[in-house]
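In: I would like to see how this sequence folds:
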Amino acid sequence: MVGLAGAIVLSGCGGGGGGGDEAGVDRPARATTSTSTSVATTSTTSTTPAAPTSTTTVAVGARLTITPTRAPAGARVRIEGDGYVGDPWRTGGGDVWLTELPGQGGCGLVARADNDLQVDAGGHLSGGFVVPATGMCPTGGSELNTGPLRYDIAYQCPDCHLGPFTVILAGESAEEPTGQACPTVAFGVQNVASDIYANGLTCEDAESFLRAHAAPWGPENGPAHADADGFSCDRTGQSDIHLPRANYKCTRDSQILSFIRT
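Out: Predicted structure coming up:
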């Protein structure tokens, strides 16, 4: 696996579809904020740029759909696109790599995924990949679980970017968050609201609401439903992998606030 991780960092293009990963080493869940540095990647359909979307412009003349853009290890992800002609794309198959996006406090995790993606002579990209369970740290060679982190999908070579993807934990909500990504709100040590998205309200308003109401909503014993300040809040997912985590979605008229309690 150390050699595989090195290949994505040092080599030009990979070979055929990658092999599967074995179960890895548990690591603590980490509070994160959205940071995307995908090369030549811009959202074409999103009205909320802070959240990832399934349709992404990869390069001039190329369009791509990734379905879903959030899934746990073992899930099948479908990719369909057109316009993949010329450098750096080539007809045929290649490796799929998930490379950790920066700003998450990680090691730059790299994971190779089983895939059946193909580019035909007309530049049509189709197929998919299976979300790998583990990856490798380029420095030190530690094997770690891929979730929960955000990644860039690379296909055929390290700089052949397809778009963003999030590995979630089993039991967590796969629903795409909408709105502006907001900073983590800490209530204590390893007692935070993270992955906060505010749609129709400011991050300051979101923080005020969370501090007023979500501090006692623990990831394991928090309410399945709560009403506060006109918001109707529901727990949409829950996981006890690594640190316990609970997904919450709160709505008030057209306002939507989503977050993860750990």
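
In: Now for residue 66, how many residues are close by?
Out: Residue 66: 23 surrounding residues under other Cβ atoms under 10 Å. C-beta: built from backbone N, CA, C; applies to glycine.

In: Run me through the strand neighbours of the one helix or strand it maps to, direction for each.
Out: In this assignment (DSSP states H and E), residue 66 forms part of strand 62-67. Strand 62-67 has the following strand partners under DSSP bridges: strand 55-59 (antiparallel), strand 76-82 (antiparallel).

In: where among those strands is the average confidence lowest?
Out: Note on these: lowest mean pLDDT is at strand 55-59, with a mean of 42.

In: Quick check, central residue of the chain?
Out: Centroid-nearest residue in the chain, with Cα atoms, centre = their mean: residue 166, separated by 1.3 Å.

In: Make sure I have this right: it is in a strand.
Out: Yes. Residue 166: assigned to a strand according to DSSP: H, G, I helix; E, B strand; the rest coil.

In: Helices along the protein, start to end?
Out: 2-10, 203-213 (DSSP state H).

In: Where among those helices is average confidence lowest?
Out: Among the helices of the chain, helix 2-10 carries the lowest mean pLDDT, at a mean of 37.

In: Which residues are in contact with the closest residue to residue 93 other than its chain neighbours?
Out: Of all residues not flanking residue 93 in the chain, residue 118 sits nearest, at 5.3 Å (Cβ to Cβ, 6 or more residues apart in numbering). Counting by Cβ atoms under 8 Å, 6 or more residues apart in numbering, residue 118 touches 92, 93, 125, 126, 127.

In: And for residue 154?
Out: Here residue 154 is in contact with 8, 96, 97, 98, 99, 160, 161, 162 (Cβ under 8 Å, 6+ apart).

In: Specify the beta-bridge partners of it.
Out: Here residue 154, judged by DSSP bridges, has bridge partners residue 97, residue 161.

In: quick one: low-confidence parts of this protein?
Out: Scanning the chain for pLDDT under 70 picks out 1-62.

In: quick one, strands of the stretch 1-150 of the chain?
Out: 42-43, 55-59, 62-67, 70-72, 76-82, 96-100, 110-113, 118-119, 125-130, 134-136, 143-145, 149-155 (DSSP state E, counting those that start in this stretch).

In: Looking at those, which is nearest to residue 226?
Out: Counting by Cβ to Cβ, residue 226 lies closest to strand 70-72 out of these; the figure is 24.1 Å.

In: What pairs with that closest one, parallel or antiparallel?
Out: strand 161-168 (parallel).

In: how many degrees apart are the strand it pairs with and strand 125-130 in direction?
Out: 30 degrees (axes from the mean of the first three to the mean of the last three Cα atoms, to 10 degrees).

In: could you dump the strands of the stretch 1-150 of the chain to TSV with distance to residue 188?
Out: Compiled in TSV, the strands of the stretch 1-150 of the chain are given as follows (distance: least, Cβ to Cβ, whole Å):
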stretch	distance to residue 188
strand 42-43	35
strand 55-59	37
strand 62-67	36
strand 70-72	28
strand 76-82	36
strand 96-100	27
strand 110-113	32
strand 118-119	50
strand 125-130	38
strand 134-136	30
strand 143-145	25
strand 149-155	23
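
In: neighbours of residue 162, just the number please.
Out: For residue 162, using other Cβ under 10 Å, the count is 24.

In: rewinding a little: in the strand holding residue 66, what counts as buried?
Out: 62, 63, 64, 65, 66 (16 or more other Cβ atoms under 10 Å).
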